[in-house]
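[1] Attaching a predicted model along with its sequence, questions to come.
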Amino acid sequence: MKNDIEALYRDMLRIRRVEEAIADRYAAQEMRCPVHLSIGQEAVAVGVCAALEKKDGVFSSHRAHAHYLAKGGSLKAMLAEIYGKEEGCCKGVGGSMHMIDLEAGFLGAVPIVGATVPLAVGAAWAARLRGEDKVIAVFFGDGTFEEGAVFESINFAVLHRLPVLFVCENNLYACYTRLSTRQADRSIHGVAASCGCNTMSLDGNDVLAVYDAARSAVSDLRNGSTPYFIECATYRIREHCGPNIDDELGYRPKDEVEEWKAACPVARLQSRLDIQPRDRLADMEHAITQEIEEAFACALAGKTPNQTDLEGYLYG
């Protein structure tokens, strides 16, 4: 378990440092697409993806960086995509909200709220028809639970006992609007349970709790259980869309923000690490920093997509 904890910590720290680097460089206006950062929410992506195998599939939403990296997507390809370069995972024509890496099992992300939930169910249905031993996980926020297609997808998945792991990252806000003003006084996982899902509700900033829950769910799904729905309570520290901190807007209470900052998933796991000698942590930081610098350098040096090739990526 010691090695597992260290690996989980490294994966969360890597995602945190990558997104901090994106935030630091964004003002240069060389990344010509919006970015939605997961700073503060890394435990959900890392805990769930650690329970999956390479053959399993993952779908994400507009806030996709953490899921992409946790599933094994290429950092160089991700940054090249954000910079709009040909070496990007979508040839530089998709940007931050349209990423895919089939080799890693990252099956796609789109900006339309809730749009990947039916895609995930469709992928699980296809795997079932092909006789493939795959679990499909789909990440989405609490705002997605206000889309009709989500309920239709859950119903279909339950009806056919499809191997789908629904993962709700409940960070309490959709843009600037609090959950309590958007949805009735009910639990999201409770509604999912009423639809027939196996459900769990847990602390989404505790990566070990997320990992244990996901591992149990994935094991059951491989053995033919009904779909699982995991609701993870977490919190984004940065603004909804963009690199900045927007606490001055006042839509989130100051004490609430401070409480969630104190529950930082990276810091919490670091306090549980038993790494000797302690300078190994500094070595880990240094290696991650080097990897990030190299990936940014490659992205900046990448090729601009040829406009004549754009039609080749369209489906009519």
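    Ah, there it is.

[2] residue closest to the middle of this protein?
    What sits nearest the mean C-alpha location of the chain, by Cα atoms, centre = their mean, is His67, with 3.1 Å.

[3] quick one: that residue is in a helix?
    Yes: counting by DSSP: H, G, I helix; E, B strand; the rest coil, one finds His67 located in a helix.

[4] Now it: closest residue in space that isn't a chain neighbour?
    Take His67 and drop its neighbours on the chain: the residue closest to it by Cβ to Cβ, 6 or more residues apart in numbering is Ser60, 4.2 Å away. Quick note: C-beta positions are derived from backbone N, CA and C, even for glycine.

[5] Tell me the bridge partners for that neighbour.
    When bridges are called by DSSP bridges, Ser60 pairs up with Ala109.

[6] pLDDT at it, what is it?
    Listed pLDDT for Ser60 reads 97.

[7] please renumber so the chain begins at 59
    Noted, 59 is the first residue going forward, which turns the last one into Ser118.

[8] Please tell me how far it sits from Glu205.
    15 Å (Cβ to Cβ, to the nearest Å).

[9] mind listing what His123 touches?
    Contact partners of His123, counting by Cβ atoms under 8 Å, 6 or more residues apart in numbering, are 73, 76-77, 80, 93, 95-96, 136, 154.

[10] Could you dump those residues into a markdown table and include secondary structure and distance to Asn228?
    Below are those laid out as a markdown table (DSSP: H, G, I helix; E, B strand; the rest coil; distance: Cβ to Cβ, whole Å):
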| residue | secondary structure | distance to Asn228 |
| --- | --- | --- |
| Ile73 | helix | 19 |
| Val76 | helix | 23 |
| Glu77 | helix | 20 |
| Ile80 | helix | 24 |
| Val93 | coil | 21 |
| Leu95 | coil | 17 |
| Ser96 | coil | 14 |
| Met136 | helix | 25 |
| Ser154 | coil | 22 |
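
[11] Throw those residues into JSON lines and include distance to Lys143 and pLDDT, thanks.
    Output for the contacts of His123, formatted as JSON lines (distance: Cβ to Cβ, whole Å; pLDDT from 0 to 100):
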{"residue": "Ile73", "distance to Lys143": "21", "pLDDT": "98"}
{"residue": "Val76", "distance to Lys143": "17", "pLDDT": "98"}
{"residue": "Glu77", "distance to Lys143": "19", "pLDDT": "98"}
{"residue": "Ile80", "distance to Lys143": "15", "pLDDT": "98"}
{"residue": "Val93", "distance to Lys143": "15", "pLDDT": "97"}
{"residue": "Leu95", "distance to Lys143": "20", "pLDDT": "97"}
{"residue": "Ser96", "distance to Lys143": "22", "pLDDT": "97"}
{"residue": "Met136", "distance to Lys143": "11", "pLDDT": "98"}
{"residue": "Ser154", "distance to Lys143": "13", "pLDDT": "94"}
